[in-house]
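Visitor: What would the 3D arrangement of this be:
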Amino acid sequence: MERKIRVLIAKPGLDGHDRGAKVVARALRDAGMEVIYTGLRQTPAMVAEAALQEDVNVVGLSILSGAHMGLVPRVIEEMNRRGMEDLPLFVGGIIPVDDIEPLKEMGVREVFGPGTDTSVVVEFIRREIGSV
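Guide: A predicted model of the protein is given here:
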């Protein structure tokens with residue numbers, strides 16, 4: 001029996017808007033993945049610890065606050081500290097085009113902006129993870 005892909009969806013920082021994160025989480029569940037949603041206002045350490053404890057295959061961050069260039073490196077640092085440097089990380093939210101390449105250089109595998117069809121996110125995860 002094949003294990004389901006496990007995805008952590010997290011809302012780091014003080015951003016209080018989570019509709020998009022919930023829409024993505026629902027789409028991933030509908031696609032047969034297990035989704036752990038951390039809820040609002042998570043610290044980078046809390047996100048990394050949840051990823052470790054939940055033994056996920058991929059982490060998705062939803063950031064609408066504009067704090068992505070501060071939060072993403074801290075999440076990556078916390079993940080690396082816990083030995084998860086190879087765990088795929090994607091980001092969704094309000095991300096200026098000029099910030100996409102620097103985020104990818106930090107280790108973010110993909111960035112999804114507003115209006116991205118959820119099927120694109122599903123296919124990205126399946127491509128990144130393959131079977132588990």
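Visitor: give the contact list for the closest residue to residue 5 other than its chain neighbours.
Guide: Counting by Cβ to Cβ, 6 or more residues apart in numbering, the nearest residue to residue 5 once its immediate chain neighbours are dropped is residue 33, at 4.5 Å. Any C-beta I mention is one placed from the backbone N, CA and C, and that applies to glycine too. Residue 33 makes contacts with 4-7, 122, 125, as judged by Cβ atoms under 8 Å, 6 or more residues apart in numbering.
Visitor: Contacts for the helix ranked longest in the chain, please.
Guide: Counting residues, the longest helix found in the chain (DSSP state H) is helix 68-81. Residues outside helix 68-81 that contact it (Cβ under 8 Å, 6+ apart): 10, 12-13, 44-45, 47-49, 51, 59, 61, 63, 85, 87, 89, 91, 93, 95, 99, 102-103, 106-108.
Visitor: just to revisit the earlier point, just the pLDDT at the residue nearest to residue 5, thanks.
Guide: As predicted, residue 33 sits at a pLDDT of 97.
Visitor: One more: residue 1?
Guide: pLDDT, residue 1: 63.
Visitor: do residue 91 as well
Guide: The model's pLDDT for residue 91 equals 98.
Visitor: and it, how many neighbours?
Guide: 26 (other Cβ atoms under 10 Å).
Visitor: That one: what secondary structure?
Guide: strand (DSSP: H, G, I helix; E, B strand; the rest coil).
Visitor: so where's the chain uncertain?
Guide: 1, 131-132 (pLDDT under 70).
Visitor: which stretches of this structure form helices?
Guide: 19-30, 44-54, 68-81, 97-106, 118-129.
Visitor: CA atoms only for the fourth one - export them in PDB, please.
Guide: Extracted as PDB, the C-alpha positions of helix 97-106 are listed here (Å, rounded to 0.1, in the frame of the first residue of the first chain):
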ATOM      1  CA  VAL A  97       8.000  39.300  -9.200                       C
ATOM      2  CA  ASP A  98      11.400  40.700  -8.200                       C
ATOM      3  CA  ASP A  99      11.500  38.500  -5.100                       C
ATOM      4  CA  ILE A 100      10.800  35.200  -6.800                       C
ATOM      5  CA  GLU A 101      14.400  34.500  -8.000                       C
ATOM      6  CA  PRO A 102      16.000  35.500  -4.700                       C
ATOM      7  CA  LEU A 103      13.500  33.200  -2.900                       C
ATOM      8  CA  LYS A 104      14.500  30.300  -5.300                       C
ATOM      9  CA  GLU A 105      18.200  31.000  -4.700                       C
ATOM     10  CA  MET A 106      17.500  30.600  -0.900                       C
END
